[in-house]
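Visitor: whatever this is, show me its structure:
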Amino acid sequence: MRRIPWPLLVSVTVIWLLLWGDVTPMLVAGGVLVALLTVLVFPAPPRMFAGRIHPWHLVVLIVRFLYDLVVASLHVAWIAVRPSPPPLSAVVRIDLTCRSELLMTITSELISLVPGSLLVDLDAEAGRIWLHILDAHHDDTPERWRGIVLAQERRVLNAFRPDTERMSTLKEDPR
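Guide: Numbers count the residues shown, from 1 in each chain. Predicted structure coming up:
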């Protein structure tokens, strides 16, 4: 018999109650039944993350992401209101150093959530991503974005990779 992941069961029940906007015994019972059915019919994938979270590096990752978010939002807002033609854009290929699909996805999503860049493709087998860059009017734009992405990847790896797998070069963040 398969083990029921109780945290997932409770989470689905709470989401059920939030969707109904009320808490009654009948809704709780219905939520538990729906959660149980959902968990049994659609089992969760096996655990993909075998590492541990490093709190200090996670704080650094979050703070830097928020900083990048604010700076890029102001930059994109300026592009939208400035009295000049639309900027040149580009698609840049970036080879990542990590081969973990989960960590590549986290890195790609954090980059894509920042205004001015958009993930076009992620090739997990080759460890490469393609980004669409909004403002590519400088000659050094591809190299600058490669540096930005690789620095973000280092922060993600520092925050989520187990100590035994961390490389000393990942601790250095030039940005």
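Visitor: how about stretch 13-23: buried residues?
Guide: For stretch 13-23, a neighbour-count test (16 or more other Cβ atoms under 10 Å) marks Thr13, Trp16, Leu17 as buried. The C-beta positions use only the backbone N, C-alpha and C, and glycine is treated the same way.
Visitor: gap between stretch 150-166 and the chain center?
Guide: 13 Å (Cα atoms, centre = their mean, to the nearest Å).
Visitor: one more: stretch 77-87?
Guide: Put simply, stretch 77-87 sits 28 Å off its chain's centre (Cα atoms, centre = their mean).
Visitor: quick check: end-to-end length of that stretch?
Guide: 13 Å (Cα to Cα, to the nearest Å).
Visitor: what does that stretch rub up against?
Guide: Leu134, Asp135, Ala136, His137 (Cβ atoms under 8 Å, 6 or more residues apart in numbering).
Visitor: would you pull up how far the longest helix anywhere in the chain lies from the middle of the chain?
Guide: Criterion DSSP state H: the longest helix present in the chain is helix 55-81. Between the centre of helix 55-81 and the centre of its host chain there is 14 Å, according to Cα atoms, centre = their mean.
Visitor: can you point out the buried residues in it?
Guide: By neighbour count on 16+ other Cβ under 10 Å, the buried set for helix 55-81 is His57, Leu61, Arg64, Phe65, Asp68, Ala72, Val76.
Visitor: need the next SSE after it, C-terminal direction.
Guide: Remark: after helix 55-81, the chain's next helix or strand is strand 90-95, criterion DSSP states H and E.
Visitor: mind listing what that following strand pairs with, with the direction of each?
Guide: Applying DSSP bridges, strand 90-95 is found paired with strand 128-133 (antiparallel).
Visitor: pLDDT weak spots in the protein?
Guide: Within the chain, the segments meeting pLDDT under 70 span 1-2, 46-50, 162-175.
Visitor: any idea how it splits into domains?
Guide: The chain breaks down by automatic domain parsing into domains covering 6-41, 55-171.
Visitor: point out the most buried one among those domains.
Guide: Stretch with highest mean neighbour count among the domains of the chain: domain 55-171 (a mean of 15; mean count of other Cβ atoms under 10 Å).
Visitor: quick one on the thing from earlier: can you list the buried residues of stretch 13-23 in CSV and add secondary structure and distance to Leu150?
Guide: Shown next, in CSV, are the buried residues of stretch 13-23 (DSSP: H, G, I helix; E, B strand; the rest coil; distance: Cβ to Cβ, whole Å):
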residue, secondary structure, distance to Leu150
Thr13, helix, 42
Trp16, helix, 42
Leu17, helix, 43
